[in-house]
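A.B. asks: Generate coordinates for the sequence data below:
(chains A and B)
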Amino acid sequence: MIVEIGHFALALALGVAVVQSLVPLWGVARHDRALASVGSAAAVTCFLLVALAFAALVTSYVRSDFSVENVVANSHSTQPLIYKLTSVWGNHEGSMLLWVLILTLFGALVALSRRSLPLRLRAGTLAAQGMVTVAFLAFTLLTSNPFRRLVPAPPEGQDLNPILQDLGLAIHPPLLYVGYVGFSITYAFAVAALIDGRIDAVWARAVRPWTLLAWVFLTLGIAMGSYWAYYELGWGGWWFWDPVENASLMPWLAGTALIHSTVVMEKRDALKVWTILLAILTFSLSLLGTFIVRSGVLTSVHSFATDPARGLFILMILVFFVGGSLALFAWRAPLLRQGGLFAPVSREGALVVNNVFIATACATVFIGTLYPLVLEMVTGDKISVGPPFFNATFIPVLVPLLLVLPLGQSLAWKRGDLLGAAQRSLAAFGLGILVALATIAMTWGGPVLAPLGIGLGVFLVAGAAFDLGERISSRASGWPAIWSRAKGLPRSAWGTALAHAGVGLSVIGIAAVAWSTEAIGVLKPGERLTSGRYTVVLESVMPRTGPNFRAEVARFQVFSGNRELKPVEAAKRVYLARNMPTTEAGIRTDGLSQAYVALGEPQDDGGIAVRLYDKPLILLIWIGAIVMSLGGALSLTDRRFRLATPRRVKAQPVAAPQPAE
Amino acid sequence: MRRALWPRLALAILLALAPGLPARAVQPGEILPDPAMERRARAISGELRCLVCQNQSIDDSDAPLAKDLRVLVRERLVAGDSDTAVRDFVVARYGDFVLLRPPVNIRTVMLWAAPFLILLAALVFTWRRGRAMPAPASAAPLSDEERRRLQRLLDSDTP
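C.D. replies: Here you go, the predicted model:
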């Protein structure tokens, strides 16, 4: 019964979404306030209905209701509760329901936010969001129904894919989806602005918190996915330039450009047309990612063969929303008035440079990802575009941007002083050079470019810190004055500095990968293996039984030089339901570095193959990403964006000119 | 067959594909006694695609075919081939598809050139737009409408 209620709620939600997508626009066209306001109630209702459907599916999973096809295919009665829950989105149908849930959640949040939005903008936004909801609800109901019953019901389920039975599945997809889908709001705002033919700082201020929110979650989602891959797969890689990863990186890059261009628009009323285009492109890339991942057109040899209906349906959604919004853009964008003049050397100019480089980096990933597909369609030739291509193109495009980042963040609005900015960044630059030289000296004969990467990272972190220090301490003397200035500095300034420092930390972590080492050996108990700074000694190998798997667990003592760290366990598991093995790496964190042990096959002589990696400073990669998202979150709490405190634009006496931030 | 990369995880999540196995790749028995030659072998195999996997190099893959190729690469190196000769040998057997770093030729020149052409075009475009924009200082005095907008911006700007 619960399952039917869920199915019914989902179908009802589709009907409500149709109302949400049409009635507000009709109301706006007829200047009928009541009709135009229907969107809010519809958006909230739609969310509640989808939430009910989601709850119904969760209930079926928790109860292991094997009369539901989806539960049978992805669950097992012996699973721990947490994995029964995460199994809900550990498959196509369930994850699609999560996707729609988040989509409608964002619609409801826009409807409920107390921020004073012009009615036309709110109506248009909710209508556009409603159209996206209609498309994906229809997709879920028609091609990917998670509520389908199975008769007769089998006594036991087929279990979830063992590599997904991990906490990573609890965290990674929800974060990633909030990021992906969050950009739908930005898209809806852009479409509404185009329909309305009006766009100004009010629009930018309304859109920016949503963009920031989505960006924060997407950053965390990608970082979490990367760490999950790192520890789950057993050889310590963290980024593979695979199409599915690129699918998440592209919206992230476009979203990063977008949060920078909306600053210009909000502060200076410039870059309007570009910002609208970027808002459309960001969500289009999210949709493209959904298509790539779910159609299997790029990763799988079978491409559409698994289920042509799904791939085609998403392709149609993609064409409709990307093509439709771009056509709208081409038609309406010329009506948008360009405003806000600025000198090339200014904060605005620096942010334009940021957008040029990030957009190019995004285009690079786009081309590298889709080129093999297009080439094969056109000429029939098959080529591979792998990590070496992306490393050779993406990095050279982004490094120049990072090199000028500290300069840009210290330039004034409208008309900046390049020499002054260079002088302000000189200390940070000097520190970066110094650290790079010291690293070269200390690792003489090692990797050549990596010390420069370390120096670049230090430059970025120091640049962010010094810039903040400069703003706090200039024109203030004595600690109380500095303290009050620090408190008076807008949260967004702190957020910017934090996010840029986070980029620097990640750069250091990525550069340090060059010094990671690997050792492979066959060990019997008591024998040792050394890689880089770390040595492990195999203590014992013993069997262990888990709730739904059997494992061989190897226990190692870990030494860093002569210092003994806590022991570590690495395991090979066999999941019983699918009779499928997995390996669990043993990871010992030592400061920011890690010793990483993975088990291989047992050898004929009674030993077991062991790989040991020394991963120096590897944690900085993800810490940097977390710091970036913290920076974004801090900006989000800035007074201007607090959803509960709408700021009214009133005529006030002209204040003194704003000091440049 | 191994496909345990993160994308494989994501893909498996989303498509509930057939399960994969974690990669462990190079086995102790395959390692060459000469460390310098082994390093070359690792570098070469890191850029060769495992043809039966989805998007993994033979260095990362546990598939039997990947193992055969790894052993083949090492055999050629021991026989005295240069890195290029080894790569050519593998390409002769399996075609360009095996190279994760696509070779620059008539079919891929657009691929390699595009990022830099796009960057150049974007820079030239913004440069020209920037020059077309009158300098702020020499702009005409503010119109009433602009004054109102200025006021709005100033009011709405928190310190």
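A.B. asks: Map the structural domains onto the sequence of chain A.
C.D. replies: Listed domain ranges for chain A are A:417-512, A:517-615 (source: automatic domain parsing).
A.B. asks: what's next to the longest helix along chain B, contact-wise?
C.D. replies: For chain B, the helix reaching the highest residue count under DSSP state H is reported as helix B:109-132. Residues outside helix B:109-132 that contact it (CB atoms under 8 Å, 6 or more residues apart in numbering or on different chains) are A:344, A:349, A:352-353, A:356-357, A:359-360, A:363-364, A:367-368, A:371, A:385, A:389, A:393-394, A:397, B:102, B:104. All C-beta atoms are positioned from the backbone trio N, CA, C, and that covers glycine.
A.B. asks: send the alpha carbons of it over as PDB?
C.D. replies: Output of helix B:109-132 as PDB, limited to C-alpha atoms (Å, rounded to 0.1, in the frame of the first residue of the first chain):
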ATOM      1  CA  VAL B 109      44.800  18.700 -34.400                       C
ATOM      2  CA  MET B 110      41.500  20.500 -33.500                       C
ATOM      3  CA  LEU B 111      41.400  18.700 -30.200                       C
ATOM      4  CA  TRP B 112      44.900  19.800 -29.300                       C
ATOM      5  CA  ALA B 113      44.700  23.300 -30.700                       C
ATOM      6  CA  ALA B 114      41.200  24.100 -29.400                       C
ATOM      7  CA  PRO B 115      42.000  25.000 -25.800                       C
ATOM      8  CA  PHE B 116      44.600  27.500 -26.800                       C
ATOM      9  CA  LEU B 117      42.600  28.900 -29.700                       C
ATOM     10  CA  ILE B 118      39.600  29.400 -27.400                       C
ATOM     11  CA  LEU B 119      41.800  31.100 -24.900                       C
ATOM     12  CA  LEU B 120      43.300  33.300 -27.600                       C
ATOM     13  CA  ALA B 121      39.900  34.200 -29.100                       C
ATOM     14  CA  ALA B 122      38.400  34.900 -25.600                       C
ATOM     15  CA  LEU B 123      41.400  37.200 -24.800                       C
ATOM     16  CA  VAL B 124      41.200  39.100 -28.100                       C
ATOM     17  CA  PHE B 125      37.400  39.400 -27.800                       C
ATOM     18  CA  THR B 126      37.600  40.800 -24.200                       C
ATOM     19  CA  TRP B 127      40.500  43.000 -25.100                       C
ATOM     20  CA  ARG B 128      38.600  44.600 -28.000                       C
ATOM     21  CA  ARG B 129      35.500  45.000 -25.900                       C
ATOM     22  CA  GLY B 130      37.600  46.600 -23.200                       C
ATOM     23  CA  ARG B 131      39.100  49.100 -25.600                       C
ATOM     24  CA  ALA B 132      35.700  49.900 -27.100                       C
END
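A.B. asks: Find the nearest non-adjacent residue to the residue most central in space within chain A, please.
C.D. replies: For chain A, the residue nearest the mean C-alpha position is A:Leu218 (2.2 Å; CA atoms, centre = their mean). The shortest distance from A:Leu218 to any non-neighbouring residue, by CB to CB, 6 or more residues apart in numbering or on different chains, is to A:Gly179 (2.6 Å).
A.B. asks: For the helix or strand in which that neighbour is found, which helices and strands make contact with it?
C.D. replies: Counting by DSSP states H and E, the element that carries A:Gly179 is helix A:167-196. Secondary-structure packing of helix A:167-196 (3 or more CB pairs under 8 Å, 6 or more residues apart in numbering or on different chains; DSSP states H and E): helix A:81-86, helix A:92-112, helix A:119-143, helix A:201-233, helix A:243-268, helix A:272-295, helix A:324-332, helix B:6-15.
A.B. asks: Out of those helices, which gets nearest to A:Asn161?
C.D. replies: Set against A:Asn161 and scored by CB to CB, those come closest in helix B:6-15, at 5.1 Å.
A.B. asks: and the helix or strand following the closest one, average pLDDT?
C.D. replies: Next helix or strand after helix B:6-15 toward the C-terminus (DSSP H and E): helix B:35-45. What helix B:35-45 shows for mean pLDDT is 89.
A.B. asks: in the helix or strand just after helix B:35-45, what counts as buried?
C.D. replies: Counting by DSSP H and E, the next helix or strand C-terminal to helix B:35-45 is helix B:64-78. For helix B:64-78, burial by neighbour count (16 or more other CB atoms under 10 Å in any protein chain shown) applies to B:Ala66, B:Lys67, B:Leu69, B:Arg70, B:Leu72, B:Val73, B:Arg74, B:Arg76, B:Leu77.
A.B. asks: Based on its surroundings, how many neighbours for A:Thr360?
C.D. replies: 26 (other CB atoms under 10 Å in any protein chain shown).
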